[in-house]
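Participant: Could you look at this predicted model? Sequence included:
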Amino acid sequence: MHTCPACGRDDLTFTGLGQHLAKSCDPHCQALYSQSRGLNSTAAEDSHMDDENEPAEIFNGDYFMDGTYGEAQGEVDYEMEWHDGVGGGTDSDLDLDDGISAEPEWEPPIPDPAGDWPQAQESEVANEDHDRDARLQVQERAQGHHGYVAVPYPDPQAGQEINQHSDNDAANARYSFQLDNKDNAHFPFCSQTEWEIARWSKLRGPSSTALTDLLAIDESLGLSFKNAKELNAIIDHELPTGHLKFKSLYGDPNFADYLTFALERHYADEDQTTCLFHDMHTGKWWWDTQKKLDQHHPGGMIIPIIILTDKTQVTMFRNKTAYPVYLTIGNILKEIRRKPSHSAHILLGYLPTTHLEHISIKASRHCTIANLYHACMSHVLAPLESAGLDRVKMCSGDGALRRCHPLFACFVGDYPEQLLATGVKFRECPKCNVDADETGSNAASFHLRNLWHLDFVHACTATGIKPIIHPFWQDLPLQTSFGITTLSCVSGMEHAQICCFLLGIIIDIHLPNNLNASRLLRAVRGLLDFLYLAQYPCHSSETLELLQETLDVFHDNKDIFIDLGIRNNFNLPKLHATHHYPLMITMFGTMDNYNTKYTEWLHIDLAKDAYRATNHKDEFIQMTIWLECREKILRHEKYVRWRLSGRRKAIPHHSRPPDMTHCRVQVMMKHPSAKAISMQKLIDDYGATYFCEALARYIAQHNGQNNNQPLQGHALDNLVSDVHFPFRTLPIFHKIKWLLSDTCGHGEAPVTVDSVHAKPQQHSSSRLVVRFVLPPASVPILFPPTFHVPKHLAYIEWFMPFPPAPDQNHAERVASIVSVIDIVSSTHLIPRFGVIAPQEWTSNTVLEDCNTFWLNSYLDRHTFARFK
């Protein structure tokens, strides 16, 4: 905090001191303010003479640093460029009682906390955008801005129906035949009330004992079940039982619109030179495997099986764990598959979590645990062995019958699961044969592992894997040449938050021993660029080259961490795994097809909630029964909705590359947050210091424009002085929201992806200070009938427009009234902290105290794609 040298007030910020001197009625403060203003006027005259021949700079906003609204404006030119210490006018031009500081604010000299700009950063800025246009064009082609070309698989019989299906063949129709009741849509429940209670009790309700006690309170509801036991009997014996696991997903009526039957190759250009990869059917694995399948079974359709495993803790204190195995299929579009609300993943079973502590020899114990894991997985996946080669006839949700080959495609798990599945040793790569001591190298040669032609046990040593008797993938048909696919993606809230601000923290760092900080910045930025590029929902062959280039930038500069003594080497398996990302994307589609974060969502419904529903004794049997009951209720719910909706037919959805433009819809609240806020309160409580001037200028501009050319200079100033507001209060809105629009046509509910808040006493955290609506009666008085006044307006204070290179002198404010529709999104600014972050900076005052900010392009994937 700072102290006024005139009156001794000691609770002022830098900017607050200037405002205090401008508004104070204390004669000592007024004298000091007049003295400083006289000095600034002289400086302004000299500056104006020096810049007399310079062209005027045009800004997107309005300066309010000189003069006062409602007074004669004199010779003030609002279009001139203001510098520090520029002012003008005399004492008579200022009304100290109107609560508006329109003079240039005097401030004591502010030391630059960041010091001099490092030479390395200047070179970074100079070289940063030399190929920006080319990168933007590459990104636009991958984002679908220019359309795409779809090339179907050459054999039209692949994935074709083998019968002409009718409406009676659809999944819901077949389910209705099993119930054998055409009159009651809720059968076997007698009424809608009974069905809703049963549904609530199994999906949202309490324990069985609590449900029994609740039903005993009032028996006048006329329910056919009196307790939880009778309800469970209805569900067990009256509701149809589901199919084999992968058949239940393929035949789910909710997925009938979003299944892929015929694979395609997508290109960004008519010449078919730039490949696009997004959903699994656009990858090379499906295409190549279909060719192998056609040699023995032409006309078959592949169902890619994706297996996910991850051990999780189901209790807080007792260290009780569960080891679930999940399954999904690649035919379901990834936009549907990746959302937990669609239930596109199913539980196959729970693996043993025993530590086999009775085996005293550590090596034998680990070997036994690995073989136990593979034996259980082999039992779980046994149905795929014969079905994958011999094919099975399966009906999709719309009733179409096809010859299907369920083939094991991907295994998703973190590094420990990858080691367990492949049998390789710790610190080695599960995908290739690179030496453990060379995983940190960018130039080490390697070959993908060939794991399926082994004489197990005696050949394990030669291959470099643990002695596993029968790996679960040993007998699975049509395995790829590099064996099991073990993929993972960096995810998690903590990782994402670290990535957001990591570069902003180190950008001004001074390294010891005069080490070059630019190497550190390039290494960190290269790795961050790789992580954000890898998250794209659609890649092209060009963006994959960019992905490799960013990885090369990291490896070219990573030795800075060794020079700093942070690491001795980079032999990290997860770091080496980044070399396989481009290949995995071309083979199986983008990373959101197989992400380890999906298991975290599945654990909640299929492991942790199931455990809480048990009495914690022989819990896995109880968990399985509870989940089976839950699945039956969910399946019956789909049928009830189908009956009540008039038996809607499935409409096939053709897959296309995802639109990465992040289309959003702006939403304002229906009613204002505050119905009547006075002008003075907007200034005092909301911090809208120049609200009256900005609004008057907005009104004058639209009253005096000629041929859609806005007024400027003296002509505009003359109109501003004649504007008078026919109102004293305004309705204020405290929040703007942006909802993610359903661009894919999946019927998704809108999701809030961004918002901007502005409330009293919180104006320092945002430059979007006030959103308001003009009273309807005042609009015809203030504006010509030819001008359409936006429904919602916003008062914004901002700094200078972002220059192409960092500018240390851009702390002067610009204020404007704009249409809320013109506000695209919020942004994240990182203060330039310098070598040492000033301790007096807080989240409430940093916009006032700091003069230089970095625009954070790593806020999320969409911000990265827009600004990078």
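Facilitator: Received it, and whenever you're ready, just let me know what you need. Owing to the predicted nature of the structure, the values given are computational and were not obtained by experimental measurement. Numbering: from 1, shown residues only.

Participant: show me what contacts Lys681?
Facilitator: By Cβ atoms under 8 Å, 6 or more residues apart in numbering, Lys681 lies in contact with Pro760. Every C-beta, even on glycine, is put in place using the N, C-alpha and C of the backbone.

Participant: State the helix or strand in which it lies.
Facilitator: In this structure, Lys681 sits in helix 679-684 according to DSSP states H and E.

Participant: Report the residue spans of the stretch 351-500 of the chain with pLDDT below the cut-off.
Facilitator: Confidence mapping of the stretch 351-500 of the chain against pLDDT under 70 gives the ranges 451-466, 479-492.

Participant: That one: strands as residue ranges?
Facilitator: 392-395, 401-412, 486-487 (DSSP state E, counting those that start in this stretch).

Participant: who wins for proximity to Leu575 among those strands?
Facilitator: In terms of Cβ to Cβ, the element of these nearest to Leu575 is strand 486-487, at 15.1 Å.

Participant: And the helix holding Lys681, how far out from the chain middle?
Facilitator: Centroid displacement of helix 679-684 relative to its chain, using Cα atoms, centre = their mean, to the nearest Å, is 37 Å.

Participant: Helix or strand next in line after that helix, which one?
Facilitator: helix 691-704.

Participant: Which secondary structure element of this protein has the lowest mean pLDDT?
Facilitator: helix 119-128 (a mean of 46; mean pLDDT, DSSP states H and E).

Participant: what about the strands in the stretch 201-350 of the chain?
Facilitator: Going by DSSP E, counting those that start in this stretch, the stretch 201-350 of the chain shows strands at 264-267, 275-277, 301-309, 312-313, 321-322, 324-329, 346-350.

Participant: angle of the third one against strand 401-412?
Facilitator: Translated: strand 301-309. Strand 301-309 runs at 30 degrees relative to strand 401-412, counting by axes from the mean of the first three to the mean of the last three Cα atoms, to 10 degrees.

Participant: cool, the last one as well?
Facilitator: Orientation note: strand 346-350 sits at an angle of 60 degrees relative to strand 401-412 (the same axes, to 10 degrees).

Participant: tell me what strand 346-350 is packed against?
Facilitator: helix 245-250, strand 324-329, helix 362-380, helix 619-644 (3 or more Cβ pairs under 8 Å, 6 or more residues apart in numbering; DSSP states H and E).

Participant: Kindly report the same for the fourth one.
Facilitator: Counting contacts by 3+ Cβ pairs under 8 Å, 6+ apart, strand 312-313 packs against strand 321-322.

Participant: now the strand it packs on: mean pLDDT?
Facilitator: Strand 321-322 carries an average pLDDT of 93.

Participant: Please work out which residues outside that strand touch it.
Facilitator: Lys311, Thr312, Gln313, Val314, Tyr350, Thr353, His603, Ala607, Tyr611, Phe620, Met623.

Participant: Put the buried members of the residues you listed into a PyMOL selection.
Facilitator: The PyMOL command for the buried members of the contacts of strand 321-322 (criterion: 16 or more other Cβ atoms under 10 Å) is given here:
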select buried, resi 311+312+314+350+603+607+611+623
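
Participant: Of the contacts of strand 321-322, just say which sits nearest to Gly423.
Facilitator: Using Cβ to Cβ, the contacts of strand 321-322 come closest to Gly423 at Lys311, 17.6 Å.

Participant: Does that closest one touch Thr353 like I think?
Facilitator: Yes: applying Cβ atoms under 8 Å as the test, Lys311 and Thr353 come out as touching, 6.8 Å apart.

Participant: hang on, the earlier thing: list the buried residues of the helix holding Lys681.
Facilitator: Those would be Met679, Lys681, Leu682, Ile683, for helix 679-684 by 16+ other Cβ under 10 Å.

Participant: Show the model's pLDDT score for the last one.
Facilitator: For Ile683, the pLDDT comes out at 88.

Participant: how close does it get to His20?
Facilitator: From Ile683 across to His20, the span is 15 Å (Cβ to Cβ, to the nearest Å).

Participant: same thing with the second one?
Facilitator: Using Cβ to Cβ, one obtains 19 Å as the distance from Lys681 to His20.

Participant: swap in the third one?
Facilitator: From Leu682 over to His20 the distance is 20 Å, taken as Cβ to Cβ.

Participant: what's the closest of the strands of the stretch 201-350 of the chain to Asp180?
Facilitator: Where the strands of the stretch 201-350 of the chain are weighed against each other on Cβ to Cβ, the nearest is strand 346-350, at 26.7 Å.

Participant: Quick one: work out the angle between that closest one and strand 324-329.
Facilitator: Using the same axes, to 10 degrees: strand 346-350 against strand 324-329 is 150 degrees.

Participant: Can you add distance to Ile585 and give the strands of the stretch 201-350 of the chain back as CSV?
Facilitator: Below are the strands of the stretch 201-350 of the chain laid out as CSV (distance: least, Cβ to Cβ, whole Å):
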stretch, distance to Ile585
strand 264-267, 13
strand 275-277, 5
strand 301-309, 15
strand 312-313, 28
strand 321-322, 31
strand 324-329, 18
strand 346-350, 26
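
Participant: For Arg449, which of those is the nearest?
Facilitator: strand 301-309 (17.7 Å).

Participant: quick check, distance from that closest one to the centre of its chain.
Facilitator: With Cα atoms, centre = their mean, you get 26 Å for strand 301-309.

Participant: Adjacent strands (with direction) for it?
Facilitator: strand 324-329 (antiparallel), strand 401-412 (parallel) (DSSP bridges).

Participant: ok and it relative to helix 362-380, angle-wise?
Facilitator: Going by the same axes, to 10 degrees, strand 301-309 makes 140 degrees with helix 362-380.

Participant: Identify the residues contacting the closest residue to His374 other than its chain neighbours.
Facilitator: Nearest-residue entry for His374: Phe472, 4.8 Å, with adjacent residues in sequence omitted and distances by Cβ to Cβ, 6 or more residues apart in numbering. Neighbouring residues of Phe472 by Cβ under 8 Å, 6+ apart: His374, Ala375, Met377, Ser378, Val380, Leu381, Ala421.

Participant: Ala370 versus Phe472, what's the distance?
Facilitator: The value you get for Phe472 to Ala370, if Cβ to Cβ is used, is 11 Å.

Participant: before we move on, what about Ile604?
Facilitator: If you go by Cβ to Cβ, the gap between Ile604 and Ala370 works out to 28 Å.

Participant: more neighbours, the two?
Facilitator: Comparing Ile604 with Ala370 by other Cβ atoms under 10 Å, the one with more neighbours is Ala370, at 20 against 12.

Participant: helix or strand for Ile830, which one?
Facilitator: Going by DSSP H and E, Ile830 is in strand 829-831.

Participant: what's the following helix or strand after that strand?
Facilitator: Toward the C-terminus from strand 829-831 - assigned by DSSP H and E - lies helix 846-849.

Participant: got the buried residues for that following helix?
Facilitator: Buried residues in helix 846-849 (16+ other Cβ under 10 Å): Val846, Leu847, Asp849.

Participant: Centre of the chain to it, how far?
Facilitator: With Cα atoms, centre = their mean, you get 28 Å for helix 846-849.

Participant: Please point out which parts of the helix or strand that that helix is followed by sit buried.
Facilitator: Next along the chain after helix 846-849, taking DSSP H and E as the criterion, comes strand 853-855. Under the neighbour-count criterion of 16+ other Cβ under 10 Å, strand 853-855 has Phe853, Trp854 buried.

Participant: now strand 853-855, how far from the chain's geometric center?
Facilitator: 21 Å.

Participant: Please identify the pairing partners of it and their relative orientation?
Facilitator: By DSSP bridges, strand 853-855 pairs with strand 829-831 (antiparallel).

Participant: List the contacts of the partner strand.
Facilitator: Contacts of strand 829-831 (Cβ under 8 Å, 6+ apart): Phe501, Gly504, Ala837, Trp841, Val846, Leu847, Cys850, Thr852, Phe853, Trp854, Leu855, Asn856.
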